[in-house]
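Colleague: using only what follows, build the 3D model:
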Amino acid sequence: MKRLLSLILSLIILMSTGIVALGQGSDYEDNWAKSEINYMKDKGILSGYPDGTFRPTNNMSKSEFYKVVNGIMGFTQRSEVNFNDVSPTDWYYDEVQKGVGANYILPGTSLNANENITRGEVARIIGIIFGIEEDKAEASKFTDSLTLPEELKGVVGGLKKNGYINGYPDGTFRANAEITRAEVVKMLYNISGEIVNVSGTINKNTNTNLIVNTKDVMLKDIVIGGNLYLTEGIGEGNTILDNVVVKGKVIVNGGGLNSLSIINSQLNSVSVDKKQGLANVVLSNTTVGEVKIVKQMRLELTQGSYIKKAELRDKADIILANGTSIDDLNVIGGDIVIDSKGTIKSLKSGNQIKVNGSTLKANVEYKVVNGKLEESNPTVASTKKSTTTKPSTRPDPVTLNRISIKSLPDKLVYTVDDELDITGLVIEGIYSDGSREIERVTKSSITGFDSRQPAERQVLTIKVGGRTATYTIKIQANDPIKPEVNKRKLAEAIVEARRKDEEDYTEESWKPFEVALDIAIEVNEDNEATQREINQALSELNARMNGLVKREGENPDPEPIEVDKTALIAAINRAEEKNEENYTPETWEPFIEALEAAIIVRDNPEATQREVNDALYELNDKRDALVEEEPSNPEPVVNKSELIAAIDRAERMNKEDYTIETWEDLEIALEAAIEVIEDLEATQSEVDRALENLNAAIEGLKMKENPVEPSITNILPDQDISLKAGDALEVSFNAPEGGRAYFRLLLPSDTHRNRMSDEKANEYEMEMIETKPGYYLGTWVVGEEINALNLEVEVNFVSAEGDRIREIAEGRVNITMEDPDPVVDKRALEEAIAEAMAKKEEDYTEESWRPFAEALQEAIEINENDEATQEEVNMVLTRLNTCMSALVEKEGPVDPVEEPRVIVEVRNSSPNFFPALIQIKVAVENIANAGKYDVVYQLSGGENSNTSIFDLGTWSTESFFFNPRTITDKVTIRIYDVEKNLLYTFADVVLVNPMIPK
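Modeller: Predicted structure coming up:
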């Protein structure tokens, strides 16, 4: 259906160079985009020309448009500009840099920034910055779609599908036409929705998009009907979402290491694409349908957060705390690191990635269950996908008792001829051993769907593993009754307008009148036109007709035009019949404001026809926009938790323990209770009655004369596990209700001495809790400095009657301490570096010196790197020795070079001691950049000892014994630069102590 007039497109604005703000006496008071212009002005986004005017009918230049969108989206990242017609002195230079950084300004030779921008270019840029999904089929609805460039069809169609653009009354889009400043304001206003550019708390719902382009903003207790854009402008500040529901997408383009916290929220889709730096997003008790990370994100899930589907493309760190989960995680790119103590049901990657410190094989499916990484086994064909292996001592097969609906499908209301959609449907299976698993459901699993005819209530049956569950949907007619529209006044205005003669009026006033008349005729002939479109066309036509100016000399004193308030009065009467409690506060408030303004115009005897028409249009517009409030008395929530618990209790009971008569009564009550659980329309009274009958049947059970002795079953762990400090060991088993349970860790020996690290180790018992009837669970966290292998898990149970049972779990527990970091030996590398630094570049050919110098630099960097591995040290040592051996001396005579020389002064610290206790001072010649020294000495064949590093030319503060008469005494002086990089080594330095006679 054709939408609205030639006033089309709809967008928001930050005009011109921003030199002056719009004045009070503006030149847009009578413009149809006045309210949108004022909104931008109030937000501080909009400015006008230096003379204080806005000039809404002027066309907009490219540079002005760049400034508009940069202000809206808060773009801050600047990139290099290479256009030959853009100079740093241009006022728009920074805006172009931001546009290049945001990727909406394409590279090229010339930009022509002062040219007027076209409608097609506006659509292209909007599509990029707002992430509009493309739809070429929708673009074909424009009558000039064949002239649209192929690269524009997708985004133009996407904008039309979302109602952001509509085109001209003749059905054309006119991609090459220029666009006015008012049209840009309207278009951007519609697509941007609410703009938050001031720090603080936002707690007002919105049905539109919402943009946050500044730091330190909290969104709290709100529902956002459109998309939420967190732009570059949020920077490194804190952005918090607390109890927020976003029905559209959350698009993240900004943020820093501690910037985005999402708490107690429900998000449909999150997309992250940060150009530079890492955006850190923390989810707490939050549910997300889909997450797409293009690049640059650290995502942390805490406190029970859940993601249904996630896709990672590049540069992402994912952290899952215990109790969090992701159903489906697909990794497309590289540089991905995952650390999960939670659960990832399906993990796939086309590349090698790291998960919990392990490198995963590409194209192999994995899963993480409570922090434990394991490879999925696609060859196992089983209805029940259990994460544990049943003990071999239990040959009885585990059977599926029933299925229940854990989550209903997203779509429960269909129109005639729709296809079945089971997105969001989750089915849980309940098994004979008390375990529960999510079951796979396809459309073929569901019967009863028929969308050929409308139906208020249609029951669909789900069948999995021979068990069934049901839910209901609604099929509605796809041709809703169209609201009646009244074109009478528009037709009368058209008749009056056609009587006007162009020759009687000035050209300036006639042209906009003629356009308004053409639009009015088009709307009047459009059978799909809405009342809102009719009212706007009428208002515009009346305004242009009243604005006609007679040519000079003709009718200088026209008679005053009688103002017709009939339609306005009728609209006010209808509006006053509305009741506030029937509508949402968000739509009622603007409606009341429009009603009050209309009453003022109605009561003003000097009101013009234009003011009357404007008030009528605004009142009708806000009345049409009223949204009915949801019913205040929703259907009561039916509580089935007690009945579910009673069913679980009954299903765990053993038929062999009870008499046949009382067991049959239980089966009848249990079957009836399950039917009530699966009935989505069951009332609370039906649930209570089923619970009462089932409890009565359970209480009425009579034990056989020889009841089965109490026993421990389903002991976990049932396979060997490895733990380290900080890990948790979970032990569980099934036993009769109401008993006491505990477990111990024992050495694998007949003595079964306890290995727990506790001062009362031999008496240690870890209590287990009965978390649900007949199921006992206990947890122990491994402490530091514990190292034990092949520990046995002993479980103990004391029944309510005092019977004691003791069993040993099949799985063994291995507790290991992490190996300390290996010591890296760099001595050979240090010696090679010292030898290499003694080489002179002028002695060798340039071809052999260049790789040698690179190898030496790399060796020095590795030597100074405290985290370098032995493998890295060995590799650079080999390369350095190879390049040093490959040095080629220059041919012919070489200019003599003065050799480095060391000057060592010695003084006796204490003349009373012999051998002498001496101190030394060192200076050197012919060593560039020399600044420090140290001493390595060996006394009489003993071990080498070093002094500290001192500045050259100063006396050492360390004294050492040295006897120059002992030929085994040796001294080595090493020279460093001020950064303590080794430059040269003087070996076997001779020291002369003047206090000791030669």
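
Colleague: my guess is Gly289 is in a strand, correct?
Modeller: Yes - residue state for Gly289 (DSSP: H, G, I helix; E, B strand; the rest coil) corresponds to a strand.

Colleague: tally of neighbours for it?
Modeller: When neighbours are counted by other CB atoms under 10 Å, Gly289 registers 17. Quick note: C-beta positions are derived from backbone N, CA and C, even for glycine.

Colleague: can you check the one 3 residues further on too?
Modeller: By other CB under 10 Å, the residues close to Lys292 number 18.

Colleague: for it, what are its contacts?
Modeller: For Lys292, the contact set (CB atoms under 8 Å, 6 or more residues apart in numbering) comprises 269-272, 310-311, 313.

Colleague: if we go to 6 Å?
Modeller: Going by CB atoms under 6 Å, 6 or more residues apart in numbering, Lys292 touches 271, 311.

Colleague: is it in a helix, a strand, or coil?
Modeller: strand.

Colleague: quick one: the helices in the stretch 451-600 of the chain?
Modeller: Under the criterion DSSP state H, counting those that start in this stretch, the stretch 451-600 of the chain contains helices at 488-498, 507-524, 531-546, 566-576, 585-602.

Colleague: can I get those helices in JSON lines with mean neighbour count and mean pLDDT?
Modeller: Listed next are these as JSON lines, based on neighbours: other CB atoms under 10 Å; pLDDT from 0 to 100:
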{"stretch": "helix 488-498", "mean neighbour count": "15", "mean pLDDT": "83"}
{"stretch": "helix 507-524", "mean neighbour count": "18", "mean pLDDT": "87"}
{"stretch": "helix 531-546", "mean neighbour count": "22", "mean pLDDT": "83"}
{"stretch": "helix 566-576", "mean neighbour count": "15", "mean pLDDT": "86"}
{"stretch": "helix 585-602", "mean neighbour count": "16", "mean pLDDT": "89"}
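
Colleague: so which of those comes closest to Lys640?
Modeller: Evaluated over the helices of the stretch 451-600 of the chain, closeness to Lys640 peaks at helix 585-602, with 34.2 Å, by CB to CB.

Colleague: low-confidence ranges in the stretch 801-950 of the chain?
Modeller: 818-821, 892-897, 909-916, 939-942 (pLDDT under 70).

Colleague: hang on, the earlier thing: make TSV out of the helices of the stretch 451-600 of the chain and add distance to Trp780.
Modeller: Below are the helices of the stretch 451-600 of the chain laid out as TSV (distance: least, CB to CB, whole Å):
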stretch	distance to Trp780
helix 488-498	80
helix 507-524	76
helix 531-546	68
helix 566-576	70
helix 585-602	54
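
Colleague: quick check: which of those helices is nearest to Lys41?
Modeller: Lys41 lies closest, by CB to CB, to one member of the helices of the stretch 451-600 of the chain: helix 585-602, at 18.4 Å.

Colleague: output the contacting helices and strands for the helix or strand that that closest one is followed by.
Modeller: Per DSSP states H and E, the first helix or strand lying C-terminal to helix 585-602 is helix 609-624. Secondary-structure packing of helix 609-624 (3 or more CB pairs under 6 Å, 6 or more residues apart in numbering; DSSP states H and E): helix 531-546, helix 566-576, helix 585-602.

Colleague: contacts for the shortest one next, please.
Modeller: Residues external to helix 566-576 that are found in contact with it (CB under 6 Å, 6+ apart): 489, 595, 598, 602, 612, 616, 619-620, 623.

Colleague: of all the helices of the stretch 451-600 of the chain, which one is nearest Asp727?
Modeller: helix 585-602 (50.7 Å).

Colleague: closest to Val282 among the contacts of helix 566-576?
Modeller: Using CB to CB, the contacts of helix 566-576 come closest to Val282 at Arg623, 43.9 Å.

Colleague: count the neighbours of that closest one for me.
Modeller: Neighbour tally, Arg623, other CB under 10 Å: 18.

Colleague: and it, how far is that from Pro590?
Modeller: From Arg623 over to Pro590 the distance is 10 Å, taken as CB to CB, to the nearest Å.

Colleague: sorry, back to before: from the contacts of helix 566-576, which two are the most distant?
Modeller: Largest pairwise distance in these, by CB to CB, is 19.8 Å, between Lys489 and Leu595.

Colleague: all strands for the stretch 151-300 of the chain, in order.
Modeller: Ranges of strands within the stretch 151-300 of the chain are 194-196, 200-202, 210-212, 217-224, 228-230, 239-252, 260-263, 266-273, 279-284, 287-295, 297-302, based on DSSP state E, counting those that start in this stretch.

Colleague: please work out which of those is packed deepest.
Modeller: strand 228-230 (a mean of 28; mean count of other CB atoms under 10 Å).

Colleague: and Tyr984, that one's in a strand?
Modeller: Yes - assessed with three-state DSSP, Tyr984 lies in a strand.

Colleague: and Tyr414, what is it in contact with?
Modeller: Neighbouring residues of Tyr414 by CB under 6 Å, 6+ apart: 451, 475.

Colleague: what do you get if the cut-off is 8 Å, keeping everything else the same?
Modeller: Tyr414 makes contact with 451, 473-476 under the criterion CB under 8 Å, 6+ apart.

Colleague: give me the pLDDT for it.
Modeller: Looking at Tyr414, its pLDDT is 89.

Colleague: surely it is in a helix?
Modeller: No - checked against three-state DSSP, Tyr414 lies outside a helix; its state is strand.

Colleague: so what's the residue count around the spatially closest residue to Asp417 that is not a sequence neighbour?
Modeller: In this structure, Asp417 finds its nearest non-sequential neighbour in Ser451, 5.7 Å apart by CB to CB, 6 or more residues apart in numbering. With neighbours defined by other CB under 10 Å, the count for Ser451 comes to 18.

Colleague: i'd like the first residue to be 42 from this point on
Modeller: Okay, residue one is now 42; in that scheme the one you just asked about reads as Ser492.

Colleague: so how far is Leu461 from Ser492?
Modeller: Separation of Ser492 from Leu461 (CB to CB) stands at 8 Å.

Colleague: residue boundaries of the strands in the stretch 692-841 of the chain?
Modeller: Remark: strands assigned in the stretch 692-841 of the chain by DSSP E, counting those that start in this stretch are 754-757, 762-764, 769-775, 781-787, 807-813, 816-822, 829-839.

Colleague: make CSV from those strands and add distance to Glu876 and mean neighbour count to it.
Modeller: Output for the strands of the stretch 692-841 of the chain, formatted as CSV (distance: least, CB to CB, whole Å; neighbours: other CB atoms under 10 Å):
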stretch, distance to Glu876, mean neighbour count
strand 754-757, 62, 18
strand 762-764, 47, 15
strand 769-775, 54, 18
strand 781-787, 57, 21
strand 807-813, 62, 15
strand 816-822, 53, 17
strand 829-839, 48, 18
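
Colleague: for Glu722, which of the ones you listed is the nearest?
Modeller: It is, among the strands of the stretch 692-841 of the chain and with distance given as CB to CB, strand 807-813, at 27.7 Å.

Colleague: partners of that closest one in the sheet?
Modeller: strand 781-787 (antiparallel), strand 816-822 (antiparallel) (DSSP bridges).

Colleague: which one of the ones you listed lies closest to Ile560?
Modeller: If you check each of the strands paired with strand 807-813 against Ile560 by CB to CB, strand 816-822 wins as the nearest, at 72.8 Å.

Colleague: where does the nearest residue to Phe991 once chain neighbours are set aside fall, phi/psi-wise?
Modeller: Leaving aside its chain neighbours, Phe991 sits nearest to Ser997 (5.4 Å; criterion: CB to CB, 6+ apart). Phi and psi for Ser997, reported as degrees, to the nearest 10, are phi -60, psi 150.

Colleague: is it correct that Ser997 is in contact with Ile961?
Modeller: Yes - in this structure, Ser997 is within contact of Ile961 by CB atoms under 8 Å, at 5.7 Å.

Colleague: residues shared between the contacts of those two?
Modeller: Val976.
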